[in-house]
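Asker: just to be clear, the model below is a prediction. Sequence and coordinates:
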Amino acid sequence: MKRTILFLVMIIPVYLSAQIKIDGFVYDFTKSPVNNATVSVNYYERVTFFYEKRVSSVLKTDTAGHFAFNVKNTDKIEFIVFATNNIEKTFSIPVSSDTTIQVYLQRNDYGDVVRKPVIYLYPEKETKVDVKLNFKGMLSNTYPEYNGGWDVLAKPNGDLVNQKDNSKHRYLFWDGNSDENLHINDFGCGFVIAGEDTYEFLNSKLTELGLNEYEKNDFITFWMPILKQNKYNFIHFITNEECDKIATLDVNPKPDSEVRIYMAYQGMDIPMNMRIQILKPIERKGFVLVEWGGFEIPVYKIN
């Protein structure tokens, strides 16, 4: 007796659609091409009706800001664009045919927000002073209004009279978005302080750096409410010539001494080990210029 064996053949459809070409261009906020930007590409390719596989690749832009790659059997692609080692922009696009995309990195994608730098002037006698600010970024706010420079009558006690409208001020104020991108690893040393210890820490370190009681009061009343919101803060002080990476000051007549302090900080839930920063007191003599400000070091994440 013959047995008849039946073979059931399951036909699993395999997707063999044509490849789709993706061309991309990365530009900065000036609409100039960004060379050597890293573009992380992620998507799910449909292999069978039942199975998708995740595809990831990393590309680099050329001198024209251009990158290109081919995909198939997908309807959406996720991009993460990096520039100067920081995540600049994350987005997804639908795809159904050959596509060209243009990515414009906005100013606030690019650098750190420098908050409330203020400039004090203490000449030995009443003096007309011209201050030019060369900020490596885009100014957001100034007071009194900058308009290409500040012309003030400075008095030994620190009072300032704006020559354009005779308004009176204790300091010159500015803030803006810097072109400089800084990461916590760029510093190498600093302080890790509990948020609740902010006042004691700032009062001690600002005295060590050379701020007087009025300047410390202005600094602490601005930054303490911000820093106390965090369980811990990493703090690094950038002083004098180091501040030139962010902004330079052209002052006429030239001060005899400058005390410039930018505080970089990053909030954290768990304290990290960090080599302690050694601070050097800055001597005040003759015509003194004092500037302080700060910025938050962004926390960049890949989801």
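Answerer: Ah, there it is.
Asker: buried residues in whichever strand or helix holds residue 59, which are they?
Answerer: Applying DSSP states H and E as the criterion places residue 59 in strand 52-60. Taking 16 or more other CB atoms under 10 Å as the neighbour-count basis, strand 52-60 is seen to contain the buried residues 55, 59. Backbone N, C-alpha and C define where each C-beta goes, glycine included.
Asker: can you offset everything so residue one is 54?
Answerer: Let's use 54 as the start, then, which means that last one is strand 105-113.
Asker: contact partners for the nearest residue to residue 334 once chain neighbours are set aside?
Answerer: In space, not counting the residues next to it along the chain, residue 334 is nearest to residue 263; the distance is 5.6 Å by CB to CB, 6 or more residues apart in numbering. For residue 263, the contacting residues are 312, 334, 335, 336, 337, taking CB atoms under 8 Å, 6 or more residues apart in numbering as the criterion.
Asker: any idea how far residue 263 is from residue 73?
Answerer: The spacing between residue 263 and residue 73, counted by CB to CB, to the nearest Å, is 61 Å.
Asker: so where's the longest helix in this protein?
Answerer: In the chain, ranked by residue count with DSSP state H as the criterion, the top helix is helix 266-280.
Asker: I figured residue 212 was touching residue 221, is that so?
Answerer: Yes. The criterion here is CB atoms under 8 Å, and residue 212 meets it with residue 221 at 6.6 Å.
Asker: so between these two, which is more surrounded?
Answerer: More neighbours sit around residue 212 than around the other of residue 212 and residue 221, counting by other CB atoms under 10 Å; the figures are 15 against 11.
Asker: just confirm residue 226 contacts residue 199, I think it does.
Answerer: No. Contact criterion CB under 8 Å: residue 226 and residue 199 do not qualify, at 9.5 Å.
Asker: partner residues bridging residue 196?
Answerer: Beta-bridge partners for residue 196, by DSSP bridges, are residue 226.
Asker: so who does it touch?
Answerer: Contact partners of residue 196, counting by CB under 8 Å, 6+ apart, are 222, 225, 226, 227.
Asker: what's the separation between the residue lying closest to the last one once chain neighbours are set aside and residue 229?
Answerer: Leaving aside its sequence neighbours, residue 227 sits nearest to residue 195 (CB to CB, 6+ apart; 4.7 Å). Computed as CB to CB, the residue 195 to residue 229 distance reads 9 Å.
Asker: then residue 308?
Answerer: When CB to CB is applied, the distance between residue 308 and residue 229 equals 23 Å.
Asker: need the longest strand for this structure.
Answerer: Secondary structure of the chain per DSSP state E: the longest strand is strand 310-321.
Asker: please name the strands paired to it in the sheet, noting orientation.
Answerer: strand 285-292 (antiparallel), strand 341-349 (parallel).
Asker: need those in a markdown table (columns: mean neighbour count).
Answerer: Conversion of the strands paired with strand 310-321 to a markdown table gives the following (neighbours: other CB atoms under 10 Å):
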| stretch | mean neighbour count |
| --- | --- |
| strand 285-292 | 21 |
| strand 341-349 | 23 |
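Asker: a markdown table for those, including mean pLDDT?
Answerer: Written out in a markdown table, the entries for the strands paired with strand 310-321 read as follows (pLDDT from 0 to 100):
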| stretch | mean pLDDT |
| --- | --- |
| strand 285-292 | 94 |
| strand 341-349 | 94 |
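Asker: looking at residue 195 and residue 229, which has the bigger crowd around it?
Answerer: residue 229 (22 against 16).
Asker: same for the helix or strand hosting that one, what does it pack against?
Answerer: Secondary structure here is read from DSSP H and E; on that basis residue 229 sits in strand 225-231. Helices and strands touching strand 225-231, as assessed by 3 or more CB pairs under 8 Å, 6 or more residues apart in numbering; DSSP states H and E, comprise helix 160-163, strand 166-175, strand 180-188, strand 190-196.
Asker: ok, which of the ones you listed comes nearest residue 320?
Answerer: The closest approach between residue 320 and any of the helices and strands packed on strand 225-231, judged by CB to CB, belongs to strand 166-175 at 14.1 Å.
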